[in-house]
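> next come a sequence and a model predicted from it.
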Amino acid sequence: MSKQTYVRTKPHLNIGTMGHVDHGKTTLTAAITKVLSERGSGGTYVPFDRIDRAPEEAERGITINIAHVEYETETRHYAHVDLPGHADFIKNMVTGAAQLDGAILVVSALDGVMPQTAEHVLLARQVGVDHIVVALNKADAGDPELTDLVELEVRELLSAHGYPGESTPVVRVSGLRALDGDPRWTGAIEALLDAVDFYVPTPVRYTDAPFLLPVENVLTITGRGTVVTGAIERGTVRVGDRVEVLGADVATVVTGVETFGKPMEVAEAGDNVALLLRGVPRDAVRRGHVVAAPGSVVPRRHFTARVYVLSTDEGGRRTPVSTGYRPQFYIRTADVVGDVDLGLTGVARPGDTVTMAVELGRALPLEPGLGFAIREGGRTVGAGTVTTVSDRP
Ligand SMILES: Nc1nc2c(ncn2[C@@H]2O[C@H](COP(=O)(O)OP(=O)(O)OP(=O)(O)O)[C@@H](O)[C@H]2O)c(=O)[nH]1
Ligand SMILES: [Mg+2]
């Protein structure tokens with residue numbers, strides 16, 4: 001039996017849940033799929049243990065990997081990534097966030113803004129998530145007056161990071177009670193989805209540009225070959241197209257294009273896809289590599305950037321950095337070590353915004369305006385934007 005082809009009837013958007021560990025992102029994700037499947041507008045219910053399905057996730061009760069689910073509202077088709085909140089898995093969070101058109105920031109009404117609430121907002125801003133809707137979760141258990149304070153606190157946090165905190169939709173929800181089918185709380189999920197539908201605009205998609213897909217994940221389908229997944233940054237792709245995998249340095253042909261298990265005739269910028277690549281060994285390709293139209297981009301190692309060095313209060317360093325500093329750079333889905341050059345006397349203190357030259361350990365497709373995060377020893381220490389790219393090798 002051949003699988004049903006994906007029919008594009010509505011604009012497609014990539015959104016996701018982010019926020020501090022245990023604030024209820026996975027529960028809310030399950031609740032959204034349940035409410036929508038019962039409403040019949042599209043998508044199937046994905047229970048909690050189908051989202052956090054790795055044994056270690058079930059055992060520890062936390063999300064480690066990025067999980068994708070699919071659903072539809074009246075007006076849109078969504079791919080939704082459920083991101084991990086635990087500080088140890090920020091690496092997976094940044095990769096997932098790099099593909100989002102908008103995000104649902106989940107904040108527990110009981111706990112308020114916590115360290116990874118703030119870190120996720122900062123990282124989202126940096127990797128180009130332009131629109132955030134807030135879900136004040138666990139509102140079933142929270143005192144309404146305290147919840148008002150949490151709401152103020154979240155709005156301030158958003159404003160501090162350049163989001164319009166005053167006008168951001170904030171919806172009080174209970175993922176847990178909505179899963180139980182309590183009408184008050186399923187109604188709140190509907191209100192949250194309406195807010196996402198209205199507040200997050202459909203982005204301009206660069207479908208006319210040469211194809212480019214940052215690889216988020218690599219899998220093997222027994223008997224068929226190596227599959228890469230991710231959201232298409234620009235251009236289109238169809239079966240038979242020649243592509244190159246930058247990072248793996250292989251040229252190949254796309255032999256399958258699917259979204260959520262459904263074959264696609266043509267996938268375009270914004271779509272969350274799985275591409276089957278002919279004759280590429282599984283271990284040749286990794287997260288962070290880029291699949292692109294042949295010859296369309298030249299990966300580079302040298303660039304200059306404006307970088308904000310996080311203050312100590314924001315979880316950043318205690319001491320300044322100077323030339324010779326070698327942190328990890330998180331660019332699209334890649335993390336690559338880089339040498340920082342601040343000039344001979346240059347020093348950047350926590351809280352400073354500086355211009356730096358960077359030499360990456362591995363070449364990547366770079367362009368002015370590209371945002372990135374800088375991390376070191378498991379914490380985020382800086383946030384930057386590429387200003388110029390050097391053409392030296
Ligand atoms: N009272 C109440 N508890 C909730 C609600 N949503 C989630 N919880 C509980 O909060 C705990 C954490 O929920 P998760 O959905 O795993 O949280 P998470 O944000 O996905 O956690 P990580 O992915 O590990 O960061 C669980 O015990 C849930 O049952 C809610 O709306 N109300
Ligand atoms: Mg989770």
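Good, I have the coordinates. Numbering: from 1, shown residues only. Ligands and ions are numbered 1, 2, ... in the order given.
> flag every buried residue along stretch 140-156.
For stretch 140-156, the neighbour count (16 or more other C-beta atoms under 10 Å) marks 140, 142, 147, 150-151, 154-155 as buried. C-betas here are computed from N, CA, C, even on glycine.
> swap that for stretch 322-342, please
323, 325, 327-336, 338-342.
> other SSEs contacting the helix or strand bottoming out on mean pLDDT in the chain?
Ranked by mean pLDDT, DSSP states H and E, the weakest helix or strand in the chain is helix 90-97, scoring a mean of 80. Secondary-structure packing of helix 90-97 (3 or more C-beta pairs under 8 Å, 6 or more residues apart in numbering; DSSP states H and E): strand 12-18, helix 115-126, strand 328-331, strand 371-376.
> highest mean neighbour count out of those?
Comparing the helices and strands packed on helix 90-97 by mean neighbour count (mean count of other C-beta atoms under 10 Å), strand 12-18 comes out on top with a mean of 25.
> does the following helix or strand past it come close to ligand 2?
Later in the chain than strand 12-18, the nearest helix or strand by DSSP states H and E is helix 25-39. Yes: with C-beta under 5 Å from the ion as the measure, helix 25-39 is seen reaching ligand 2 through 25-26.
> just give me how far helix 25-39 sits from the chain centre.
19 Å (C-alpha atoms, centre = their mean, to the nearest Å).
> pull out the buried positions in the helix or strand that that helix is followed by.
Going down the chain from helix 25-39, the next helix or strand is helix 48-51, by DSSP H and E. Using 16+ other C-beta under 10 Å as the test for burial, helix 48-51 gives 48, 51.
> and helix 48-51, what does it pack onto?
Counting contacts by 3+ C-beta pairs under 8 Å, 6+ apart, helix 48-51 packs against helix 25-39.
> element containing the residue of the stretch 101-250 of the chain found nearest ligand 2?
In the stretch 101-250 of the chain, the residue that lies nearest ligand 2 is residue 106 (9.0 Å; C-beta to the ion). Per DSSP H and E: residue 106 is located in strand 102-108.
> same question, residue 265
With DSSP H and E as the test, residue 265 turns up in no helix or strand.
> check contacts around it.
By C-beta atoms under 8 Å, 6 or more residues apart in numbering, the residues touching residue 265 are 5, 238, 257.
> what's the closest of those to residue 278?
residue 257 (12.6 Å; C-beta to C-beta).
> re the thing from before, take the helices and strands packed on helix 90-97 and lay them out in JSON lines including distance to residue 298 and mean pLDDT.
Listed next are the helices and strands packed on helix 90-97 as JSON lines, based on distance: least, C-beta to C-beta, whole Å; pLDDT from 0 to 100:
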{"stretch": "strand 12-18", "distance to residue 298": "27", "mean pLDDT": "95"}
{"stretch": "helix 115-126", "distance to residue 298": "24", "mean pLDDT": "91"}
{"stretch": "strand 328-331", "distance to residue 298": "15", "mean pLDDT": "95"}
{"stretch": "strand 371-376", "distance to residue 298": "18", "mean pLDDT": "92"}
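> turn those into JSON lines, including distance to ligand 2.
JSON lines is the format used below for these (distance: least, C-beta to the ion, whole Å):
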{"stretch": "strand 12-18", "distance to ligand 2": "8"}
{"stretch": "helix 115-126", "distance to ligand 2": "12"}
{"stretch": "strand 328-331", "distance to ligand 2": "20"}
{"stretch": "strand 371-376", "distance to ligand 2": "21"}
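> can those go into a markdown table with extra columns for distance to residue 175?
Shown next, in a markdown table, are the helices and strands packed on helix 90-97 (distance: least, C-beta to C-beta, whole Å):
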| stretch | distance to residue 175 |
| --- | --- |
| strand 12-18 | 9 |
| helix 115-126 | 16 |
| strand 328-331 | 28 |
| strand 371-376 | 28 |
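> that concludes my questions; thank you for your assistance.
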